[in-house]
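Asks: Quick one, what's the 3D model for this:
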Amino acid sequence: MQRVTKGANTIVPATIIQPSVLFAGGSADVSAYILDGTGKVRGDEDMIFFNQPATRDGSVSLSGANFTIDLSKIAADIERIAICAVPEQGTVADLKRIDLEAPGVVAFSQDTAGMSEAAVIIGEFYRRGGDWKFRAIAQGFNGGLAPLSRHFGIDVADEPAASAAPVPAPSKVDLRKQRIVSLEKRDPKLVSLAKAAAVSLEKKSLSGATAKVVLVLDISGSMYDRYQSGEVDRLVQRVLALGLNMDDDGSIEVYAFGTGAYRIGTADIDTYQDFVPNMLRTHDLEGSTHYGATIKMIRQDFASQPDFGRVPVYVMFVTDGDTMDRSLTEKQIREASSQGIFWQFMGIGGSGLRSSGFKFLEKLDDLKGRKVDNCDFFSVPSADSDTDTELYDKLMSEYPGWLKAAAAAGILP
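Replies: Got it, this is the predicted structure:
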């Protein structure tokens with residue numbers, strides 16, 4: 001095994017390599033970027049990290065901080081695989097030393113004292129003259145994940161959303177991060193989801209931005225199988241992970257609708273696992289679907305809060321069918337367009353981003369007569385269909401644009 005220093009390179013004599021990354025202090029999320037001849041990824045699927053731990057062809061996979069790379073499966077148009085790390089807290093200097101070792105191939109150690117950046121390219125495997133080689137790099141990036149991702153061609157917003165304000169005081173941001181860190185041993189799955197949501201937020205330059213997160217659940221009878229299978233329970237967990245990143249309270253407010261409209265309560269790290277069973281014990285599934293009264297209820301509830309109009313409200317509205325009160329729903333969405341509430345509708349049971357089963361929601365997404373475009377819609381075959389990364393990316397698709405439009409219209413600061 002060849003030991004190398006920063007800037008040096010060595011031949012890779014094996015086809016299957018298993019590089020592992022260790023840190024002498026602190027902890028970091030490791031990732032790999034699979035790059036073509038332009039030095040860029042071909043798409044988001046070429047970023048391998050904790051929430052997208054393998055390529056579809058099995059050429060690169062990640063478990064913890066341990067990679068397995070099968071060079072025989074790497075596509076011909078790929079020229080480099082960059083191995084990177086982003087400290088979970090602090091800077092690269094807090095890691096004290098980075099050790100990369102691929103048994104039988106290469107070992108590289110780098111003291112990180114004085115490295116004030118929030119991300120680092122540790123090294124790269126690259127093609128040269130028909131062979132594969134490794135180069136030790138240890139190059140830091142200011143700003144962390146977003147600049148690193150831009151460098152490799154990941155689609156990340158260039159500027160922070162104008163109305164991501166009010167940005168919470170640094171202590172509040174630290175409290176959110178600390179809350180997630182404190183869950184590492186207690187609830188690793190929820191932490192993994194929170195990290196995936198954080199990646200999607202950072203892509204849109206929304207790290208640290210505050211919003212109150214609301215989940216609205218369909219309790220019509222056609223949802224029976226989705227409740228029985230645990231599909232809705234898992235969705236509550238995924239939306240709570242978004243709330244851990246956006247809501248200073250680290251919780252989400254949950255409403256439900258069927259024939260009527262209902263305030264269900266608050267889901268947080270202590271209550272979410274039993275939240276859906278407890279809801280179903282007090283609310284039977286109902287025989288029809290009405291959106292309008294619930295939209296009105298949410299508007300009234302949040303309008304009465306002292307920070308309304310300063311802190312955005314993000315509503316995820318989940319349904320498996322169109323509403324029976326279309327006129328009321330249209331009226332409520334039009335009126336809500338002058339308020340600081342964004343409505344993200346997700347249709348369950350569709351075959352794509354838009355489905356013929358949700359014609360009204362498609363119309364609502366393009367509704368005329370609003371002060372700003374205050375809602376978005378997509379459909380999925382089930383709430384489990386998308387990977388966590390895909391779901392969070394969809395949830396953040398139009399929200400940043402609404403923040404800008406709402407600020408320009410004087411709806412938000």
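
Asks: so the closest residue to residue 94 other than its chain neighbours, which of the three states?
Replies: Nearest residue to residue 94, sequence neighbours excluded (Cβ to Cβ, 6 or more residues apart in numbering): residue 26, at 4.4 Å. (Glycine included, C-beta is placed from N, CA and C.) The local conformation at residue 26, judged by DSSP: H, G, I helix; E, B strand; the rest coil, is coil.

Asks: And residue 26, how far from residue 85?
Replies: Distance, residue 26 to residue 85, using Cβ to Cβ, to the nearest Å: 10 Å.

Asks: okay, those two: which has more neighbours?
Replies: residue 85 (23 against 16; other Cβ atoms under 10 Å).

Asks: pretty sure that one is touching residue 32, no?
Replies: No - Residue 85 is beyond contact range of residue 32, at 10.5 Å (criterion: Cβ atoms under 8 Å).

Asks: got the contact list for residue 397?
Replies: Going by Cβ atoms under 8 Å, 6 or more residues apart in numbering, residue 397 touches 376, 378.

Asks: Quick check: which element contains it?
Replies: Element membership for residue 397, per DSSP states H and E: none, as it lies in no helix or strand.

Asks: What residue spans form the domains of this structure?
Replies: When the chain is parsed with automatic domain parsing, its domains come out as 2-151, 170-408.

Asks: Could you export those domains as TSV, including mean pLDDT?
Replies: TSV is the format used below for these (pLDDT from 0 to 100):
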stretch	mean pLDDT
domain 2-151	91
domain 170-408	90
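
Asks: Got phi/psi on residue 394?
Replies: The phi/psi pair for residue 394 (degrees, to the nearest 10) reads phi -70, psi -40.

Asks: Can you show me the helices along this structure?
Replies: 145-151, 170-182, 188-203, 224-228, 231-246, 275-282, 292-303, 326-336, 359-365, 388-395, 399-408 (DSSP state H).

Asks: Out of those helices, which one sits most buried?
Replies: helix 231-246 (a mean of 23; mean count of other Cβ atoms under 10 Å).

Asks: For that one, name the packing helices and strands.
Replies: Contacts defined by 3 or more Cβ pairs under 8 Å, 6 or more residues apart in numbering; DSSP states H and E place helix 231-246 against helix 170-182, helix 188-203, strand 212-218, strand 252-257, helix 275-282, strand 313-319, helix 388-395.

Asks: what do you get if the cut-off is 6 Å, keeping everything else the same?
Replies: helix 188-203, strand 212-218, strand 252-257, helix 275-282 (3 or more Cβ pairs under 6 Å, 6 or more residues apart in numbering; DSSP states H and E).
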